[in-house]
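Asks: what follows is a protein structure lacking sequence information:
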């Protein structure tokens, strides 16, 4: 029996159903790391937001302040990334406690769903840990994120996620991008038989979306649709960097582009 997505009514502290996410036969999820990007994603026609921090690391858990303000600014469902750090998906006991605490707080501040994943040291889905995390997440829907792309055996991993009760899997087909991993994505869609959503993600743009949809049979997809935005700072000290030398300049940021989102929506609608 399919679960209905729910959201917390901040005025009464109760869980209430969110509006259906699927429109026009497809759903586009946009990963965002700012309020501005969340607003732009909705304006462009996205059906759902994955709210993260640290997109340069593949996405980590956002602040609860970010979640609270995003929920005040958009109407579409907001799924919150639960990932305490960048790097691998093998977590210590203390990191697990952080994840559970973040899940509880995300539910408190109005998350409509969650995205998480955990693996064992030999590259299998960590069944015991995922079961515990899912229990903390419920009744919200849960996506197994791109930790899936690091598993040893994707077919076995998908069956494990089905058994555990995940609602969807975000994957690039265990390759460098969804386009490169297209054969595996198609295989996973066929294996899933509609029992779990297979959502392609990783390097999806207006240039390759139609090919990915045609080649996979997927009806949901995930992308960032970002463009560079110049800083409003007039005084600039270019001798100092706040992060690693390979990170973006302090005077430029990546923001979800309304035009790109609209273009991706139009491509998906024309195809599906």
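Replies: Alright, I've got the coordinates. Keep in mind that what you see is a predicted model, and the values were worked out from it rather than measured. Numbers count the residues shown, from 1 in each chain.
Asks: what about the nearest residue to residue 268 once chain neighbours are set aside, how many residues nearby?
Replies: The shortest distance from residue 268 to any residue other than its chain neighbours is 4.4 Å, reached at residue 26 (Cβ to Cβ, 6 or more residues apart in numbering). Placement of C-beta: from N, CA and C, glycine included. A total of 19 residues lie near residue 26 under the criterion other Cβ atoms under 10 Å.
Asks: residues contacting residue 26?
Replies: For residue 26, the contacting residues are 47, 213, 219, 220, 221, 268, 269, 271, 272, by Cβ atoms under 8 Å, 6 or more residues apart in numbering.
Asks: secondary structure element for residue 102?
Replies: helix 93-108 (DSSP states H and E).
Asks: for the record, mean pLDDT for that helix?
Replies: Averaging pLDDT along helix 93-108 yields 98.
Asks: contacts for that helix?
Replies: Residues outside helix 93-108 that contact it (Cβ under 8 Å, 6+ apart) are 8, 61, 64, 67, 80, 82-85, 91, 114, 116, 129, 132-133, 136-137, 140.
Asks: now it: buried residues?
Replies: Buried positions in helix 93-108, judged by neighbour count with 16 or more other Cβ atoms under 10 Å: 96, 98, 99, 100, 102, 103, 106, 107.
Asks: what of stretch 59-73?
Replies: Applying a neighbour-count criterion of 16+ other Cβ under 10 Å, one finds 59, 60, 61, 62, 64, 66, 67, 70, 71 buried in stretch 59-73.
Asks: so can I have a markdown table of those residues showing distance to residue 161 and secondary structure?
Replies: Below are these laid out as a markdown table (distance: Cβ to Cβ, whole Å; DSSP: H, G, I helix; E, B strand; the rest coil):
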| residue | distance to residue 161 | secondary structure |
| --- | --- | --- |
| 59 | 19 | coil |
| 60 | 21 | strand |
| 61 | 21 | coil |
| 62 | 24 | coil |
| 64 | 27 | helix |
| 66 | 27 | helix |
| 67 | 25 | helix |
| 70 | 27 | helix |
| 71 | 27 | helix |
